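*Asks:* with the input below, show me the fold.
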Amino acid sequence: MGLTVPAWAAPISIGSIITIDVLFIGWAPSGPWEDRSFSLGILGIFGLFLIYLGWFRWKFGDTGFVPWISLWSDVPRSGRLLLMSGLMTILITWSVIADSAFPPAGGLILNLIGSLLMLQGAYAILTTSWLSEA
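*Replies:* Got it, this is the predicted structure:
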């Protein structure tokens with residue numbers, strides 16, 4: 001009997017290791033741009049992408065990475081959750097991250113993520129109400 005590893009396990013594992021390195025250990029090569037902090041940022045974004053990719057494969061059982069609305073089971077509820085998650089991400093970034101030792105570019109990236117969450121949530125809500133074909 002062979003042990004089968006789910007398709008989502010590798011991206012989440014590798015992404016978690018990279019993210020732990022970026023957040024706590026801080027090892028990164030200086031790279032051709034001779035800036036270790038820039039390399040840490042690139043590694044952090046790559047680690048978060050791998051975690052997202054693993055989550056997508058776990059949640060939807062698909063190998064893509066674009067969450068088409070046809071994959072969702074409860075579109076209006078998910079849209080509201082995305083809208084609220086995006087709003088909370090932006091509010092937390094403005095209140096908590098602004099007064100911490102978090103790098104300024106990190107706040108910009110979190111604001112971008114929050115804005116994209118709100119955009120997708122609003123789109124999901126609109127497709128089930130005013131923009132629906134029914």
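
*Asks:* list the contacts for the residue sitting nearest the centre point of the chain?
*Replies:* For the chain, the residue sitting closest to the mean C-alpha position, by CA atoms, centre = their mean, is Y52 at 5.4 Å. With contacts defined as CB atoms under 8 Å, 6 or more residues apart in numbering, the neighbours of Y52 are G15, F65. Just so you know, the C-beta spots here come from the backbone N, C-alpha and C atoms, and that holds for glycine as well.

*Asks:* that one: which element?
*Replies:* helix 36-60 (DSSP states H and E).

*Asks:* cool, and A122?
*Replies:* Using DSSP H and E, A122 falls within helix 104-127.

*Asks:* okay, buried residues for that helix please.
*Replies:* For helix 104-127, a neighbour-count test (16 or more other CB atoms under 10 Å) marks G107, I109, L110, N111, I113, G114, L117, M118, Q120, G121, A124, I125 as buried.

*Asks:* the fifth one touches T89, doesn't it?
*Replies:* In other words, I113. Yes. Counting by CB atoms under 8 Å, I113 does reach T89; the two are 6.1 Å apart.

*Asks:* okay, now the spatially closest residue to F46 that is not a sequence neighbour: neighbour count?
*Replies:* Distances taken as CB to CB, 6 or more residues apart in numbering put I18 closest to F46, at 6.3 Å, once the chain neighbours are dropped. I18 has 20 neighbouring residues, counting by other CB atoms under 10 Å.

*Asks:* from W94, how far off is I18?
*Replies:* Between I18 and W94 the computed distance is 27 Å (CB to CB, to the nearest Å).

*Asks:* per-residue confidence at S85?
*Replies:* Reading off the per-residue confidence, S85 sits at a pLDDT of 94.

*Asks:* make that M1, sorry
*Replies:* Reading off the per-residue confidence, M1 sits at a pLDDT of 57.

*Asks:* quick check: domain ranges of the chain?
*Replies:* The chain resolves into domains spanning 1-66, 67-134 when parsed by automatic domain parsing.

*Asks:* any regions of the protein where pLDDT drops low?
*Replies:* Segments of the chain classed as low confidence (criterion: pLDDT under 70) are 1-2, 98, 101-104, 131-134.

*Asks:* let's go with 50 and repeat that
*Replies:* Within the chain, no stretch has pLDDT under 50.
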